[in-house]
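Novice: here are the coordinates; sequence isn't available:
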Ligand SMILES: *Cc1c(COP(=O)(O)O)cnc(C)c1O
């Protein structure tokens, strides 16, 4: 499989190189040159497969030529073997024909484990073969950092540096990062905000001299392997509910357009998906585009669903590429204009196509809390605030009661106790067994000033299993 850039100017890469690449050299994002397409008979034959075996069949075309079948099978069995539920991604019923797909049974209790557990293992496999080591740098406001650290902690060939804003992440979120101890794991608390952390990651990618030749790898959702891993659970859920003999609707809480884009790809690969709903919080740039053809940068509104607090959606460019007939030059022009003006609209017929593909809704904090309370009263299921946004959108935007509606359950409610409390649900929340002693564990973290030179000096001083590069 070959991968091309959404801006059309960078060289095509194979899977192995895409895994190690961040942005393409032309500033674009990598996408498969040709999407695999499965027949309905083929999809039907996968009914009842365990998660890792289904994952092998869905993702095999994407890694073809880079990862041998036997290795890929072993990696997938290991990856999804660490999940705390035997079904890996179980469906929980809320109402007659309405479900939540629980994607929070991985080590860090959010759906990001599906991709980052796999990414860490794939990286280590490829790097061992090449005899290379890499450095990962990432910025996090919460969920991504812990999932990336958990995914990479056993990697022999990776040193990972995760920056979070000092005193600005929840205690559970901080401890999920800082209590994972290993000589290749480096938590940095920056005396600044999340944007400061992200800017330092960006600047480090732009000028990598401080790494003395060691490659820098990205783990945010622009990494193609993350999107790829997320395609699988759409197939898994749909097969459980009778696809491909019938079609399924999905509602997806999203900020960076990563998770919903994976659903869009699943449909393009042949899965009968009748409806895809983009569910956002008040940071609703995606909903503004879908409902009014205005993709305009707004200020950041902190919300009860912090993992979706974004100003721009980094994966939206992948959709724009398809909407423009895969014309990289046209996308490059649009994105350059957007960078300059903070605004983007597309031609009418392209926007009409986007509206045919997606429905959307923005849900504020008050509606989020009301939905948590509503669902708890109806069936006793406790939703986290991100999932609640998905359920609200599913209920408002649903087109057919006869079609099963699945909302992606992106996090365990114990990660967001404030929202649950504000919703007035008096259910005591406790951490799952594997995290029960989280508050007693030793923490390791370095506090650094909001200063690029200091951060880069720290990385080059510790980037080789804690020793200098
Ligand atoms: C990251 C995250 C999301 C949003 O994911 P996208 O990649 O923006 O689609 C939603 N919910 C939770 C709990 C998350 O951690």
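Specialist: It's in. Quick caveat: nothing in here was measured; it's all calculated off a predicted structure.

Novice: where does the stretch 151-300 of the chain get nearest to the ligand, which residue?
Specialist: residue 258 (2.9 Å; C-beta to the nearest ligand atom). From N, CA and C alone the C-beta is placed, and that goes for glycine too.

Novice: hang on, isn't that residue packed against residue 228?
Specialist: No: when contacts are counted by C-beta atoms under 8 Å, residue 258 is not listed as touching residue 228 (11.0 Å).

Novice: what segments of the stretch 301-450 of the chain are strands?
Specialist: Listed in chain order, the strands of the stretch 301-450 of the chain (DSSP state E, counting those that start in this stretch) span 343-344, 359-362, 405-409, 446-449.

Novice: and among these, the most buried is which?
Specialist: With neighbours defined as mean count of other C-beta atoms under 10 Å, the strands of the stretch 301-450 of the chain peak in mean count at strand 405-409, which reaches a mean of 28.

Novice: other SSEs contacting it?
Specialist: strand 98-102, helix 224-240, strand 248-253, helix 385-397 (3 or more C-beta pairs under 8 Å, 6 or more residues apart in numbering; DSSP states H and E).

Novice: repeat the analysis, applying 7 Å as the threshold.
Specialist: Applying 3 or more C-beta pairs under 7 Å, 6 or more residues apart in numbering; DSSP states H and E, one finds that strand 405-409 contacts strand 98-102, strand 248-253, helix 385-397.

Novice: not counting sequence-adjacent ones, nearest residue to residue 468?
Specialist: Using C-beta to C-beta, 6 or more residues apart in numbering and skipping the chain neighbours, the partner closest in space to residue 468 is residue 461 (5.3 Å).

Novice: and the residue of the stretch 51-200 of the chain nearest the ligand?
Specialist: Counting by C-beta to the nearest ligand atom, the stretch 51-200 of the chain gets nearest the ligand through residue 143, at 3.4 Å.

Novice: so who does that residue touch?
Specialist: Contact partners of residue 143, counting by C-beta atoms under 7 Å, 6 or more residues apart in numbering, are 108, 110, 112, 307, 411.

Novice: keep only those that also lie close to the ligand.
Specialist: 110, 112, 307, 411 (C-beta under 6 Å from any ligand atom).

Novice: can I get these in CSV including neighbour count and pLDDT?
Specialist: Output for those, formatted as CSV (neighbours: other C-beta atoms under 10 Å; pLDDT from 0 to 100):
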residue, neighbour count, pLDDT
110, 26, 96
112, 31, 96
307, 27, 91
411, 25, 96
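
Novice: looking at those, which one is closest to residue 26?
Specialist: Closest approach to residue 26 among these (C-beta to C-beta): residue 112, at 27.3 Å.

Novice: how about the closest one: what's its closest non-neighbour residue?
Specialist: residue 147 (3.7 Å).

Novice: got the ones next to the ligand among the contacts of residue 143 as a markdown table, with distance to residue 126 columns?
Specialist: Listed next are those as a markdown table, based on distance: C-beta to C-beta, whole Å:
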| residue | distance to residue 126 |
| --- | --- |
| 110 | 25 |
| 112 | 20 |
| 307 | 28 |
| 411 | 29 |
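
Novice: what about these, which are in helices?
Specialist: residue 112 (DSSP state H).

Novice: which of the contacts of residue 143 sit farthest apart?
Specialist: Of all pairs in those, the most separated under C-beta to C-beta is 108 and 307 at 11.6 Å.

Novice: on the pLDDT front, check the residue lying closest to residue 170 once chain neighbours are set aside for me.
Specialist: Excluding the flanking residues, the one nearest residue 170 by C-beta to C-beta, 6+ apart is residue 142, at 6.9 Å. Residue 142 carries a pLDDT value of 75.

Novice: which ones are touching residue 142?
Specialist: By C-beta under 7 Å, 6+ apart, residue 142 lies in contact with 169-170, 173, 306-307.

Novice: same question, residue 252
Specialist: Counting by C-beta under 7 Å, 6+ apart, residue 252 has contacts 259-260, 263, 276-279, 390, 408.

Novice: just among those, which is most surrounded?
Specialist: With neighbours taken as other C-beta atoms under 10 Å, the top of these is residue 279, carrying 33 neighbours.

Novice: can you tell me the element it falls in?
Specialist: Assessed by DSSP states H and E, residue 279 sits inside strand 273-280.

Novice: quick one: mean pLDDT over that strand.
Specialist: Mean predicted lDDT for strand 273-280 stands at 98.

Novice: just the angle between that strand and helix 224-240, please?
Specialist: Counting by axes from the mean of the first three to the mean of the last three C-alpha atoms, to 10 degrees, strand 273-280 lies at 130 degrees to helix 224-240.

Novice: now strand 273-280, how far from the centre of its chain.
Specialist: With C-alpha atoms, centre = their mean, to the nearest Å as the basis, strand 273-280 stands 16 Å off its chain's centre.

Novice: buried ones in the following helix or strand past it, by neighbour count?
Specialist: Counting by DSSP H and E, the next helix or strand C-terminal to strand 273-280 is helix 285-292. Within helix 285-292, the residues that qualify as buried are 285-290, counting by 16 or more other C-beta atoms under 10 Å.

Novice: quick check: closest non-adjacent residue to the residue of the stretch 151-300 of the chain closest to the ligand.
Specialist: residue 221 (3.8 Å).

Novice: got the contact list for the one you found?
Specialist: 256, 258, 314-315.

Novice: kindly report the same for residue 135.
Specialist: Contacts of residue 135 by C-beta under 7 Å, 6+ apart are 159, 161, 211, 214, 216, 459, 463.

Novice: what secondary structure does it sit in?
Specialist: strand (DSSP: H, G, I helix; E, B strand; the rest coil).

Novice: spell out which parts of the stretch 251-400 of the chain neighbour the ligand.
Specialist: 253-256, 258-260, 307-308, 386.

Novice: and the furthest pair within those residues?
Specialist: Checked with C-beta to C-beta, these reach their widest spread between 260 and 307, with 14.0 Å between them.

Novice: buried residues, stretch 26-39. List them.
Specialist: Buried residues in stretch 26-39 (16+ other C-beta under 10 Å): 27-32, 36, 38.

Novice: give me the pLDDT for residue 170.
Specialist: 83.

Novice: again, but for residue 284
Specialist: 97.

Novice: next: the one 4 residues further on.
Specialist: Residue 288 is assigned a pLDDT of 98 by the prediction.

Novice: residues in contact with it?
Specialist: 294-296.

Novice: the same query, at a cut-off of 10 Å, please.
Specialist: 280, 294-296, 298, 360, 362 (C-beta atoms under 10 Å, 6 or more residues apart in numbering).

Novice: measure it to residue 199 for me?
Specialist: With the distance defined as C-beta to C-beta, to the nearest Å, residue 288 ends up 25 Å from residue 199.

Novice: quick revisit: can I assume the residue of the stretch 151-300 of the chain closest to the ligand is in contact with residue 231?
Specialist: No: if you go by C-beta atoms under 10 Å, residue 258 and residue 231 don't touch, sitting 11.1 Å apart.

Novice: now for the residue nearest to residue 323 when sequence neighbours are not counted, how many residues are close by?
Specialist: Take residue 323 and drop its neighbours on the chain: the residue closest to it by C-beta to C-beta, 6+ apart is residue 350, 4.6 Å away. Residues within reach of residue 350, counting by other C-beta under 10 Å, total 17.
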